[in-house]
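Participant: Below: sequence and its predicted model.
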Amino acid sequence: MKDNQLVLKEIDFNDLDEHSNVKYYDGDVAIIDDIRNLKDLAPLYAKMNFITFCTAGRIQFNINDRQIQLAEGEVLFSAPYVILDNYLISPDFECKILCLSDDIIHAMLNDQIYIWNLMVYNRHTNVIMLPDEDKTQFLHYYELIKFKMQHQSVHNNTIAMQAIIQGMLFDVLSLLDQNMDEEATRNTHGQALFNSFLKMLTSCEIKHHPVDYYAERLNITPKYLTMLCTKYSSKPASEWITQYTKEDIRQALCHTTLSIKEICVQLGFSNVSFFGSYVRRNFGVSPTKLRMQKG
C-alpha cells in the first residue's frame, strides 16, 4: 500500500465508547460535541444513525460522494453505513451530534418509526433548515442534555437522558413529517415500493413473516424486494423484518402482563420453544430475563 493512500476507518456504535470526544454513552445513545479534529482523520465509514445540529459556523464534507453543507441552524439526519470525507470546517464551527442505535430509535419512536425510516433511510441523509422557533427549541434541548451530562447521577440517569432524547425525537418527527408529502411526489417506483414495505411492516400486527409474505403483497419477487431494501437502506428485507419484530417482542415482554405463551401466539410464533430461541438469538437472553429488564 502506498503511504499516501487513504485508509477508510470504520466506526460502529460500540467503538464510540472508546473515544474521548464522546461526552455521553449508554450503549444505545452517544453524544459528541467537539469534532474540530475531524479534518485530521482519514475517511470514516459510520455504521450508526446520527443527527448533527450545527449551532455555529459551518462545515462542508462528502457523504457517499454527495457534498453536504451544514450551517448554523441546520440539522443533518443520517442513516448508518455512510462514508464521510473531504472535510472543510470553519474556525467557529460548533455542533452537537447525537448517535443512535437502530434499536433505540425504534423503541423511542414506536409506531411513528416509519416517518424516520422514509425520510432518513430512504435518502441516507437529509438536511433541514430549522425555523427560528424550532431553532430555539432545539437549543433548549441542547442545554438540557448538556446540563444532564454535567450533572449525571447514577440512579436512573440512562432512563432520564433517554426520555429527554425521546421528546426531542418526536419534535424531529414533526419536522420530517412536514416534508413527507413533497418528498413522496419525487419518489421513483422502487422508492415507492420500499416505502410501502416499511408502512406494511408498521401496520402488520404479526410482523414475523418470511420475505415472501411481504413480496407477494407488493406483487414483486422476494429477490427484488431484498434488492430494493438493500439499495435504499443498505439493509436487506430480512433485517427490517427482524428489527420490527424485535421491537414488538420488547414491547410485549417489558410493557404488558401477557404471558410468554400469549405473546408467542400474538406475535405469530409457532411455539414457545421457537420463540425462546428467537429471543435468545436476537437479544442474548431468554424471554424471562428480557422481561425482567427495563426494556
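Facilitator: Ah, there it is.
Participant: neighbours of residue 226, just the number please.
Facilitator: Residue 226 has 18 neighbouring residues, counting by other Cβ atoms under 10 Å. Bear in mind the C-beta positions are built from the backbone N, C-alpha and C, glycine included.
Participant: Touching, it and residue 239? I think so.
Facilitator: No - with contact defined as Cβ atoms under 8 Å, residue 226 does not reach residue 239; the gap is 9.7 Å.
Participant: could you pull out the strands for the protein?
Facilitator: Secondary structure of the chain by DSSP state E: the strands cover 9-11, 22-25, 29-32, 44-46, 49-56, 58-63, 66-71, 74-78, 82-89, 94-100, 125-129.
Participant: would CSV of those strands with distance to residue 137 be doable?
Facilitator: Formatted as CSV, those follow (distance: least, Cβ to Cβ, whole Å):
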stretch, distance to residue 137
strand 9-11, 29
strand 22-25, 20
strand 29-32, 18
strand 44-46, 26
strand 49-56, 11
strand 58-63, 21
strand 66-71, 18
strand 74-78, 12
strand 82-89, 26
strand 94-100, 14
strand 125-129, 13
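Participant: okay, the ones you listed in JSON lines with mean pLDDT and mean neighbour count next?
Facilitator: Below are the strands of the chain laid out as JSON lines (pLDDT from 0 to 100; neighbours: other Cβ atoms under 10 Å):
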{"stretch": "strand 9-11", "mean pLDDT": "80", "mean neighbour count": "13"}
{"stretch": "strand 22-25", "mean pLDDT": "81", "mean neighbour count": "18"}
{"stretch": "strand 29-32", "mean pLDDT": "85", "mean neighbour count": "22"}
{"stretch": "strand 44-46", "mean pLDDT": "82", "mean neighbour count": "18"}
{"stretch": "strand 49-56", "mean pLDDT": "88", "mean neighbour count": "19"}
{"stretch": "strand 58-63", "mean pLDDT": "88", "mean neighbour count": "18"}
{"stretch": "strand 66-71", "mean pLDDT": "89", "mean neighbour count": "14"}
{"stretch": "strand 74-78", "mean pLDDT": "88", "mean neighbour count": "22"}
{"stretch": "strand 82-89", "mean pLDDT": "84", "mean neighbour count": "16"}
{"stretch": "strand 94-100", "mean pLDDT": "87", "mean neighbour count": "21"}
{"stretch": "strand 125-129", "mean pLDDT": "79", "mean neighbour count": "17"}
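Participant: Nearest to residue 221 among those would be which one?
Facilitator: Residue 221 lies closest to strand 82-89 among the strands of the chain, at 28.2 Å (Cβ to Cβ).
Participant: quick one: strands adjacent to that closest one?
Facilitator: Using DSSP bridges, the strands paired with strand 82-89 in its sheet are strand 44-46 (antiparallel), strand 58-63 (antiparallel).
Participant: between the longest one and strand 94-100, how big is the angle?
Facilitator: Right, strand 58-63. Per axes from the mean of the first three to the mean of the last three Cα atoms, to 10 degrees, the angle that strand 58-63 makes with strand 94-100 is 40 degrees.
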